[in-house]
Each structure stands twice: as structure tokens, then as C-alpha cells.
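**Q** Turn this into a structure:
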Amino acid sequence: MKKNRLLIAPVFIPHEGCPYRCVFCNQVDITGSQFLADEENVFSMLKTYLVPSLHSKRYSRREVAFYGGSFTGLLKERQEFLLSLIQPLIDDGRVDAIRVSTHPLFVDHIQLKRLKSYGVETVELGVQSTNQKVLEQSGRPCPRKDLLKSVSLIRERNFKLGLQLMLGLPGDTEKRFQMSVMDVINLKPDFVRLYPALVLRHTPLYSMYQKGLYSPWSLERTLDSLKYAVTLFQQSSIPIVRIGLQPDRSLKENLVAGPFHPSLRYLVDCQIGLDLMVEKILSLEHIPKKIFFRVPKNLISIYTGNRRENIRVIKERFRLEEFYLTGEALCRQVELVA
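**A** Sure, this is the predicted structure:
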């Protein structure tokens, strides 16, 4: 087994450091964490992830991540307390580095110098959208100039940069989300995360939904926009490390409406696979009744589609008598054989 995977052990600090109440946000229900991250709770959370990994050869790198709040919005003493808890783990080699998530408005030279001194190597910014109308309606102000300044400072200090985007927020449209994707690509992050907006209990968005002031995007609409985003990020060689929220019990209990699916990334990849096959078929001068594709062996489920949906769609669209897919280890990309 190859030892090349990164393990991220999350420590959740729900809403800490953030003075805003974004309409979509309820970090207690999203993370399932209802307790203050004191020393006991931090090590309890880390024990769940780190201890099993130390006896596994699957991971070549282990990092602790502070998620759920705006880390650099915390008081200096609170930041140093949390970071200092991880120092012994870094010193003895059980943890390689720390990463934090924060709001773009809470980044400056002093904050970044402090993070660097405690072994933080990655800073993730919750951008969510670069459209000011969407941000205003979502209760998350962030002028473009401040985002650009934060990104520049993070780069100057040689941190790895992660950016998070959401789609389907109040006021969002396909075009506005596409522009946000292009803006993020131009910022050249080391990786991105993509999250569809969901209606969760105990959030302002839930109240808006109940009053008929907000309608979540459908799963189909979301998949179309995610397909656009994934394609562009891949073309720009920007890794997408996550699409959609983790499907845990807390999320399921508090989810009211919205385009949730436990395997959202898989559905997006299936649609991209379908589009590639359709494009190759349409390139033929004459479409035969029998078609055969070779695809990479490790990707055959993507080209087959969820519940064999891609096969059904292609057979019906092109009125094929027979349609074959085979996965081959030496195949590097989808190939139309007949």
C-alpha cells in the first residue's frame, strides 16, 4: 500500500472568532460539536483521528485543522492556547503541521507571523462568493480589495492557500457563481472546497425558507454548476479537496432542504464522464448501432454512472442496440473504439 496520503484531524471551534451571522451557518449542527474546545475536548477530538492513524501505514503526513470558526478572529490569548496544545504533537513527530480556516477580513501581518511561529502551514479562507450582492444578502461582508489583500499576505508569508466557495446562496445565479469560480482561479489557490448552500435548522436561511424568501437550488441545477466549476479547476490544475458537507448524523438531523447528496463529487464526475462520451460519439460522421468504449480501470464506475445511469442515457439518446464499457489498466483516458 502506498504511503502518500494526508490525514487531517479536525478540531471544531463552532462560530468562535466570527462576529457575523451568515444566513447559511450553524456550525454546531454542521460539525456536531456542542462543546468549547478546551484542552480535554481538543485531545478527545484528536484521539479519534490520530491514534488509529499512528498504527497505519496509509498516511505519510498528519495535520491538525481548526475548523468551524474564524481562527484569526479569536483573541490572541485564545489562538495561542489552542495552537500551544498541538506543539508537543509536532515536537514528537505525531503531527507534521497545523492548518486553520478563517474569514478574509481577519488576516494581517501580525496574525500570520503568530500562525507561522506555531507551525501553521495552511490557511483556508471562506470566500463563499466574490459577488458583493450575494455576500450582502448572505450576511457575510467582504469587499473584493480585502480578499485580494488577504490572499497577497498569505502568499508573502509562504503559507499554502485554500479557498472555499458556496453556490446557491441568496441572490446567487449560475452566472454569478461562474464569475466567482473564475475569480478564485485567478487567485491561484493551492486547493479549493465547494459547498452547495443547504437549509439547516436554527439558521437565518431556515427562517427565510419558511417565509418563502429563499428557494434552495435543485440537485440537478447544482450538479450542472459544479460540473462547470470542476472542469475549470481541473483545467487550471487546482485540486478540489472537497465537494459538499460530510454526511454525518448531526447534518442529517438538521437538514431541512437543499441539494444534499452523500456522494456529490461522484455524481459530478459521472456527469463529466457522460459528457466526454457523448462528445466523442457526436464527433463520428455516422453513429453506428453498436458502440464500445475503453476507459481507465479505476474510473469505470464514473463512466458507467450512478446506478448505470450513463449507459441508459447514451443507449436511449443514440438509439443504440449495444453499448459496451470496459476498464483497462493501461488505458489513460476514455477511448471510443467503435
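**Q** what sits against Glu279?
**A** Contact partners of Glu279, counting by CB atoms under 8 Å, 6 or more residues apart in numbering, are absent. C-beta here means a position set from N, CA and C on the backbone, and glycine is covered the same way.
**Q** secondary structure element for it?
**A** Remark: Glu279 resides in helix 264-282, with elements defined by DSSP states H and E.
**Q** now Val151
**A** helix 144-156.
**Q** The following helix or strand past that helix: partners in the sheet, and parallel or antiparallel?
**A** Once the chain leaves helix 144-156, the next helix or strand it forms, by DSSP H and E, is strand 160-167. In the sheet, strand 160-167 lines up against strand 120-128 (parallel), strand 191-196 (parallel) (DSSP bridges).
**Q** got the buried residues for the first one?
**A** Right, the one you point to is strand 120-128. Neighbour-count burial for strand 120-128 flags 120, 122-128 (criterion: 16 or more other CB atoms under 10 Å).
**Q** Also stretch 282-300?
**A** 291, 293-296, 300.
**Q** Let me know the closest of the buried residues of strand 120-128 to Leu232.
**A** Nearest to Leu232 among the buried residues of strand 120-128 is Val127, at 15.4 Å by CB to CB.
**Q** In space, what's closest to the closest one - neighbours in sequence excluded?
**A** In this structure, Val127 finds its nearest non-sequential neighbour in Leu163, 5.1 Å apart by CB to CB, 6 or more residues apart in numbering.
**Q** Please apply the same query to Asp172.
**A** Per CB to CB, 6+ apart, closest to Asp172 is Val134, 5.0 Å.
**Q** wait, doesn't that neighbour sit right on Leu167?
**A** No. In this structure, Val134 is not within contact of Leu167 by CB atoms under 8 Å, at 9.7 Å.
**Q** the more surrounded of these two?
**A** Higher neighbour count among Val134 and Leu167: Leu167, with 27 against 22, using other CB atoms under 10 Å.
**Q** Which strand or helix spans the residue nearest to that one when sequence neighbours are not counted?
**A** Once flanking residues are discounted, Leu167 sits nearest to Phe177: 4.6 Å by CB to CB, 6+ apart. Per DSSP H and E, Phe177 falls inside helix 174-187.
**Q** Show me where the protein has its strands.
**A** Under the criterion DSSP state E, strands of the chain are mapped to 5-12, 59-67, 97-102, 120-128, 160-167, 191-196, 199-200, 240-243, 255-257, 290-296, 322-328, 335-336.
**Q** Give the rounded mean pLDDT of the fourth one.
**A** It refers to strand 120-128. Averaged across strand 120-128, the pLDDT comes to 97.
**Q** For that strand, give me every contacting residue.
**A** Strand 120-128 is contacted from outside by 22, 63, 65, 70, 83, 97-104, 107, 112, 115, 134-135, 138, 140, 142, 147, 150-151, 154, 159-166, 169, 180, 184, 190, 193, using CB under 8 Å, 6+ apart.
**Q** Filter those residues down to the buried ones.
**A** Here, 16+ other CB under 10 Å leaves 22, 63, 65, 70, 83, 97-104, 107, 112, 115, 134-135, 138, 140, 142, 147, 150-151, 154, 159-166, 169, 180, 184, 193 buried among the contacts of strand 120-128.
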